[in-house]
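Participant: Quick one: sequence plus predicted model below, questions after.
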Amino acid sequence: MADTAGAAATATATAPRPLKIIAGADSFGAELKDVMVSHLRSLSIEVEDLGTTSYYNVGAEVGRRVSSCATASPDVQTRGLLACGTGVGVGIFANKFPGVFATTCLTPDEARNNRSINNCNVLALSGMSTSKDTAKEIVDTWLNTPFKSPCPASGSQPWPEEISKFFDESMTEMPKIGTSEKTEAESCAICCLVKNRELNPIDIIPGGSMKILRESPTSAIVRFKAGSVEPAHHHTFGHCLVVMEGKKSVWNLTKEERYDLSVGDYFFTPAGDVHRVKYYEDTQFFIKWDGKWDMFFDEDLDTAKIAIEKELAKGSA
């Protein structure tokens, strides 16, 4: 009787956790994702299908959910299945979250390697390069390969004890990366260029300040206070910028186009194009001119403010 009870307790302790798959794709991977969702459900696996959206949104959402389920639902093994054109972009964004090990797999052997070595819990597929039949083989291999099991990378032999120990330790160490307080060396390299340095006011535009990092071609960090306006102006040289913080709108009057920019957005203005700018928040951006910095105004500040108010009122009407 005691032996039977002990065996039952052991079986309960070693029974695999129920498996749930969170799936999603962009438009390039949607068809392949739909086929894989049907395949998984045919295997009686629970699937939450997030549908189709941009590769960065769906990659981040699947990554976020897999990451949070590791602590919120420890009794359920939650994995992710993603597909985009190459299978790379969705994986990059999923990997932004602690405890997510997303890998792109184009063959069953790659799926076997990544489950064995990396404990891959988010599988990324290429909708442009992988057939439906191959994708099914990849998914089945990914589902059925345990962590640290023999795989092609190990010559299909059990991993040596020291490597197996390294794999175990990596599972606890890797999720910590990026979650601790950043040191100065780990922070944004561009921000470090102006850290603890004073930006000089742009006398010709109230609310603006700038630090030239390099001259001709010119690179600079520029800041503007919320509510600031750059009157319509143009430059001798084309320039590109990347928004580091804040939110702004640029009206290209030459092309009669408006661009709304926020953190991470890139923007290019050709030489000679007349443009005006409105800053809705304290905003900082990195900017690079093809040549030296110059600025030629095509209107005064009061005229610019009136024109922008009319544009914004028109847009909200």
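Facilitator: All right, it came through fine.
Participant: Show me the shaky parts of the stretch 1-150 of the chain.
Facilitator: Applying pLDDT under 70 to the stretch 1-150 of the chain flags residues 1-17, 71-75.
Participant: Can you point out the buried residues in stretch 141-152?
Facilitator: Under the neighbour-count criterion of 16 or more other CB atoms under 10 Å, stretch 141-152 has Thr141, Trp142, Leu143, Thr145, Phe147, Lys148, Cys151 buried. The C-beta positions use only the backbone N, C-alpha and C, and glycine is treated the same way.
Participant: what about Ser67, how many residues close to it?
Facilitator: 22 (other CB atoms under 10 Å).
Participant: Equivalent analysis for Lys165, please.
Facilitator: The tally of other residues near Lys165 (other CB under 10 Å) stands at 12.
Participant: quick one: pLDDT of it?
Facilitator: On pLDDT, Lys165 comes in at 90.
Participant: you'd agree it is in a helix?
Facilitator: Yes: under DSSP: H, G, I helix; E, B strand; the rest coil, Lys165 sits within a helix.
Participant: Pull up the gap between it and Pro150, please.
Facilitator: As judged by CB to CB, to the nearest Å, Lys165 and Pro150 stand 17 Å apart.
Participant: Same check on Asp133?
Facilitator: With CB to CB as the criterion, Asp133 and Pro150 are 25 Å apart.
Participant: rewinding a little: considering the buried residues of stretch 141-152, which is situated nearest to Asn119?
Facilitator: For those, the closest approach to Asn119 (CB to CB) belongs to Phe147, at 4.4 Å.
Participant: Give the burial count for the residue nearest to that closest one when sequence neighbours are not counted, as a bare number.
Facilitator: Spatially, and ignoring its direct neighbours in sequence, Phe147 is nearest to Asn119 (4.4 Å; CB to CB, 6 or more residues apart in numbering). A count of nearby residues for Asn119, using other CB under 10 Å, gives 18.
Participant: Now do the contacts for Asn119.
Facilitator: Residues in contact with Asn119, defined by CB atoms under 8 Å, 6 or more residues apart in numbering, are Phe101, Phe147, Phe167, Met171.
Participant: please redo it, this time with the cut-off set to 10 Å
Facilitator: Gly99, Phe101, Thr103, Pro146, Phe147, Lys148, Phe167, Asp168, Ser170, Met171, Met174 (CB atoms under 10 Å, 6 or more residues apart in numbering).
Participant: again with Tyr280
Facilitator: Contact partners of Tyr280, counting by CB under 10 Å, 6+ apart, are Ala226, Gly227, Ser228, Gly246, Lys247, Lys248, Ser249, Asp260, Ser262, Leu312.
Participant: helices or strands up against the longest helix belonging to the chain?
Facilitator: Counting residues, the longest helix found in the chain (DSSP state H) is helix 55-72. Secondary-structure packing of helix 55-72 (3 or more CB pairs under 10 Å, 6 or more residues apart in numbering; DSSP states H and E): strand 19-25, strand 46-52, strand 77-84, helix 89-94, strand 102-104, strand 122-126.
Participant: Could you export these as TSV, including distance to Arg276 and mean neighbour count?
Facilitator: As requested, the helices and strands packed on helix 55-72 are exported to TSV (distance: least, CB to CB, whole Å; neighbours: other CB atoms under 10 Å):
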stretch	distance to Arg276	mean neighbour count
strand 19-25	40	23
strand 46-52	37	15
strand 77-84	37	26
helix 89-94	34	26
strand 102-104	42	24
strand 122-126	42	27
